[in-house]
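Asks: What would the 3D arrangement of this be:
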Amino acid sequence: MNTSTLNTAAVTAPVKTSTLSADSGSKTLSLNEGYFSRRRPLDWLFALLVLAGGLYAFARYGDFMDVYEKGILLATIPAAIAMGWFWRPLQALMVTVCGLALLAIASYQGASGGDLARADQVFWLKYFLSSQSAILWMSVLFFMSTVFYWLGMFASREASGQSDTLESLGSRIAWVAVGMALIGTLVRWYESYLIGPDIGHIPVSNLYEVFVLFCWMTAAFYLYFEAQYKTRALGAFVMLVVSAAVGFLLWYTVVREAHEIQPLVPALKSWWMKLHVPANFIGYGMFALSAMVALSYLVKQQAEEARWYKLTPLWMLGVVMCFVPIVFRTRTPVEAGGSNYWLGYLLVSGLVTAVILLGRKRIAARLPSFEVLDDVMYKAIAVGFAFFTIATVLGALWAAEAWGGYWSWDPKETWALIVWLNYAAWLHMRLMKGLRGTVASWWALVGLAVTSFAFLGVNMFLSGLHSYGTL
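Replies: Predicted coordinates for the structure are as follows:
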């Protein structure tokens with residue numbers, strides 16, 4: 001073969017790699033692949049399952065939807081595919097959750113159609129897959145996950161990887177808890193229609209339902225950060241706020257019987273609810289996550305501090321954790337048993353605070369670097385702020401349709417604006433002035449207090465157009 005032939009072959013041959021010579025050897029670099037060329041066969045199978053499921057739901061239930069609900073369903077199909085491709089563990093989660101939820105729905109079918117009484121007759125419905133059973137499993141599993149994360153925090157790394165094993169168990173249990181929460185939500189949605197077609201609604205309409213939403217969303221976002229940063233140490237802190245929410249949920253279930261499915265009030269009979277509430281609680285969940293990361297930052301920073309009066313962040317944790325049960329204890333009728341429940345909650349809160357105070361040096365050694373903590377805190381607030389902004393805009397549009405005005409300075413709206421301005425200022429100082437470290441962490445913790453009042457405090461102490469969410 002002559003030289004011209006070789007040159008022609010070199011020009012026409014596709015170039016896929018280039019080789020760089022170095023003292024330590026040669027390195028082969030691949031050119032960037034296209035987005036779709038990086039998809040695995042399982043990715044395409046997942047996409048086909050989502051597409052088939054979405055189109056079946058559209059064909060089966062399209063006649064019961066208005067044009068907006070049809071649009072939401074059709075937009076959900078590519079969104080679910082994109083999320084599964086972006087973070088592959090979601091593929092297994094979605095498929096498993098949908099499969100078990102469909103099993104539960106099929107189990108409700110009796111000789112005369114859907115029968116809610118079968119929740120107490122069919123074994124796996126009674127103990128696992130009915131909405132209430134699944135949500136109770138979620139609650140237990142989140143508590144277990146929190147315990148394993150903290151055991152891993154204090155376990156020895158040298159003892160055959162005991163610490164890693166315990167933290168891994170905490171992470172896996174958190175995944176199962178998220179799955180049970182989603183199963184419970186989907187089955188509850190179906191159960192509401194079994195009660196009556198006019199009662200059926202997406203389960204994001206009251207405090208019980210949105211607390212379930214808050215728990216699994218916060219945990220799921222944390223699990224993403226855990227995978228991205230290859231550290232499970234933060235799980236011990238983040239799961240504290242999830243477990244606190246579960247504690248409230250259990251009280252709300254037992255004392256107030258909030259798990260009972262209730263008809264929607266007229267103001268909530270709108271397709272806007274399907275968009276506004278989930279977007280809002282992505283914001284709440286991310287703000288809570290960022291605050292717990294901020295707390296871990298301050299614990300790590302003050303690990304060597306021996307002067308107790310200097311350990312302000314840890315004392316503040318105890319005050320905040322104990323404030324909630326004290327408030328609910330004074331507002332709960334003694335005859336309902338709620339007072340004793342919140343007394344127990346108070347004791348557990350004090351125990352957690354003491355563990356963190358006494359074990360702060362070991363905790364600090366296990367936490368990731370300050371740079372990682374700062375980055376997770378920033379990203380959590382950025383994502384939360386984006387979704388909270390979307391939720392606020394959607395809420396204004398919903399208000400215009402329901403009450404005739406975009407803004408009415410209702411207490412809930414006013415405090416939502418305060419939350420928005422707080423995190424807008426945090427992000428502005430971060431991006432424009434380089435806000436980092438201690439001040440940013442303190443601010444994030446204060447932001448959680450403000451957000452908590454906007455979420456619960458307004459419902460407890462104020463009244464207005466959102467009074468249907470009172471405690």
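Asks: CA only for contacts and neighbour counts going forward, please
Replies: Will do.
Asks: mind checking pLDDT for residue 360?
Replies: Looking at residue 360, its pLDDT stands at 87.
Asks: Over to residue 124?
Replies: Turning to residue 124, the model gives it a pLDDT of 93.
Asks: for the one 5 residues further on, same thing?
Replies: Each residue has a pLDDT score; the one for residue 129 is 95.
Asks: ok, the nearest residue to it once chain neighbours are set aside to residue 56 distance?
Replies: Using Cα to Cα, 6 or more residues apart in numbering and skipping the chain neighbours, the partner closest in space to residue 129 is residue 104 (5.8 Å). According to Cα to Cα, to the nearest Å, residue 104 and residue 56 sit 18 Å apart.
Asks: which one of these two has more residues nearby?
Replies: Shown here are residue 104 and residue 56; by other Cα atoms under 10 Å, residue 104 has more neighbours (24 against 12).
Asks: That one - that's part of a helix, no?
Replies: Yes. Judged by DSSP: H, G, I helix; E, B strand; the rest coil, residue 104 forms part of a helix.
Asks: That one is in contact with residue 130, isn't it?
Replies: Yes. Using Cα atoms under 8 Å, residue 104 makes contact with residue 130 at a distance of 6.8 Å.
Asks: Where does the prediction get shaky in the stretch 1-150 of the chain?
Replies: Applying pLDDT under 70 to the stretch 1-150 of the chain picks out residues 1-33.
Asks: quick one: the closest residue to residue 186 other than its chain neighbours from residue 35, how far?
Replies: In this structure, residue 186 finds its nearest non-sequential neighbour in residue 101, 6.5 Å apart by Cα to Cα, 6+ apart. When distance is defined by Cα to Cα, residue 101 is 32 Å away from residue 35.
Asks: which one of the two has more residues nearby?
Replies: Under the criterion of other Cα under 10 Å, the comparison of residue 101 against residue 35 puts residue 101 first, with 24 against 7.
Asks: Tell me the secondary structure at the more buried one.
Replies: Following three-state DSSP, we place residue 101 in the helix state.
Asks: Now do the same contact list for it.
Replies: By Cα atoms under 8 Å, 6 or more residues apart in numbering, the contact set of residue 101 is 129, 183, 184, 186, 187.
Asks: And the furthest pair within the residues you listed?
Replies: 129 and 186 (10.2 Å; Cα to Cα).
Asks: the more surrounded of these two?
Replies: Neighbour totals were compared for residue 129 and residue 186, and residue 129 leads with 27 against 22 (other Cα under 10 Å).
Asks: Now do the same contact list for that one.
Replies: 100, 101, 104, 183, 184, 187 are the contacts of residue 129 under Cα under 8 Å, 6+ apart.
Asks: So what are the structural domains in this structure, by residue number?
Replies: Domains of the chain are assigned by automatic domain parsing as 40-87, 102-210+229-236, 280-471.
Asks: Show me how far the longest one is from its chain's centre.
Replies: Right, the one you point to is domain 280-471. Mean-position distance between domain 280-471 and its chain equals 14 Å (Cα atoms, centre = their mean, to the nearest Å).
Asks: same thing with stretch 59-72?
Replies: Centroid displacement of stretch 59-72 relative to its chain, using Cα atoms, centre = their mean, is 27 Å.
Asks: which of the residues in that stretch are buried?
Replies: 69, 70 (16 or more other Cα atoms under 10 Å).
Asks: And stretch 205-222, by the same measure?
Replies: For stretch 205-222, using 16+ other Cα under 10 Å, the buried residues are 205-220, 222.
Asks: any residues touching it, and which ones?
Replies: 135, 174-175, 177-178, 181-182, 185, 203-204, 235, 238-239, 242, 245-246, 249, 252-253, 258-259, 264, 268, 273, 278, 281-282, 284-286, 288-289, 469.
Asks: The helix or strand where residue 74 lies - contacts with which helices or strands?
Replies: Under the criterion of DSSP states H and E, residue 74 resides in helix 67-86. With contacts taken as 3 or more Cα pairs under 8 Å, 6 or more residues apart in numbering; DSSP states H and E, helix 67-86 sits against helix 41-61, helix 89-107.
Asks: Reformat those as TSV; add distance to residue 430.
Replies: Formatted as TSV, the helices and strands packed on helix 67-86 follow (distance: least, Cα to Cα, whole Å):
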stretch	distance to residue 430
helix 41-61	37
helix 89-107	31
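Asks: tell me the most buried of those?
Replies: Stretch with highest mean neighbour count among the helices and strands packed on helix 67-86: helix 89-107 (a mean of 17; mean count of other Cα atoms under 10 Å).
Asks: quick one, helices of the stretch 201-350 of the chain?
Replies: 207-229, 235-254, 273-301, 312-331, 338-358 (DSSP state H, counting those that start in this stretch).
Asks: With distance to residue 191 added, can I get the ones you listed in CSV?
Replies: Formatted as CSV, the helices of the stretch 201-350 of the chain follow (distance: least, Cα to Cα, whole Å):
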stretch, distance to residue 191
helix 207-229, 13
helix 235-254, 17
helix 273-301, 17
helix 312-331, 30
helix 338-358, 28
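Asks: quick one: which of these is nearest residue 140?
Replies: Nearest to residue 140, of these and by Cα to Cα, is helix 235-254 at 8.7 Å.
Asks: looking at the domains of the chain, which is buried most?
Replies: By mean count of other Cα under 10 Å, the domains of the chain have domain 102-210+229-236 as the most buried, with a mean of 20.
Asks: now that domain: how far from the chain's centre is it?
Replies: With Cα atoms, centre = their mean, you get 13 Å for domain 102-210+229-236.
Asks: For residue 176, give its distance to residue 69.
Replies: For residue 176, the distance to residue 69 - Cα to Cα - is 30 Å.
Asks: Got the phi and psi for residue 40?
Replies: phi -90, psi 160 (degrees, to the nearest 10).
Asks: Common neighbours of residue 104 and residue 130, please.
Replies: With Cα under 8 Å, 6+ apart, residue 104 and residue 130 have common neighbours 124, 187.
Asks: coming back round to it: which one of the contacts of residue 129 is nearest residue 65?
Replies: Relative to residue 65, the closest of these is residue 187; by Cα to Cα it sits at 18.9 Å.
Asks: shouldn't that closest one be in contact with residue 103?
Replies: No. The pair residue 187 and residue 103 fails to qualify as a contact (Cα under 8 Å) at a distance of 9.8 Å.
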